[in-house]
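Q: Need the 3D shape of this:
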Amino acid sequence: MKLYRLRTVQNLPISVDQAWDFLSDPKNLKTITPDYMGFNILSGADRKMYAGQIIQYIVTPIAGIPTKWVTEITHVKDKEFFVDEQRFGPYALWHHKHFIKAIPGGVEMEDIVDYKLPFGVLGQLVHPILVKPKLKEIFDYRYNKLIDLFGSL
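A: This is a model prediction of the structure:
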């Protein structure tokens with residue numbers, strides 16, 4: 001089974017505290033997710049992120065088919081990084097690291113997603129035509145939404 005990686009970096013003209021306050025609140029994930037994804041948090045978003053937190057969502061990534069997704073926040077270092085891992089959902093593996101660091105004039109935010117697809121060779125065949133472009137589209141939306149919210153460097 002092939003392991004894929006998506007990495008994005010974005011600089012924003014906000015403080016580390018502002019970036020952390022926004023990103024560590026699970027409710028804000030809906031704000032930076034495209035509306036067509038039908039993103040809805042079912043449970044677990046009642047407080048700021050902490051290690052061991054379980055968050056349940058419904059998403060509709062393909063053809064309007066609702067899919068349950070359960071993630072666990074496995075690591076948190078205040079104002080530096082957190083990691084979410086899929087426990088149940090559409091991927092065979094989903095490991096998403098979020099890093100924040102101060103830079104001149106603002107913060108650098110880096111996302112690294114390592115993921116595997118289910119269905120073996122079939123999953124590998126649909127990756128370049130369906131999954132990879134969809135993930136790029138979702139992270140491009142997030143990038144642009146964060147600029148709308150906070151401006152750009």
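
Q: which residues of the chain fall in helices?
A: Using DSSP state H, the helices found in the chain span residues 16-23, 120-126, 132-150.

Q: Just name the most buried of the ones you listed.
A: helix 16-23 (a mean of 17; mean count of other C-beta atoms under 10 Å). Heads up, the C-betas are built off the backbone N, CA and C, glycines and all.

Q: So for this structure, which residue is the most central one in space?
A: The residue lying closest to the centre of the chain (C-alpha atoms, centre = their mean) is H96, at 6.5 Å.

Q: Lowest mean pLDDT among the helices and strands of the chain, which one is it?
A: Lowest mean confidence among the helices and strands of the chain (mean pLDDT, DSSP states H and E): helix 120-126, at a mean of 92.

Q: Tell me which residues are up against that helix.
A: Applying C-beta atoms under 8 Å, 6 or more residues apart in numbering, the set of residues contacting helix 120-126 from outside is M1, K2, A92, K116, L117, V131.
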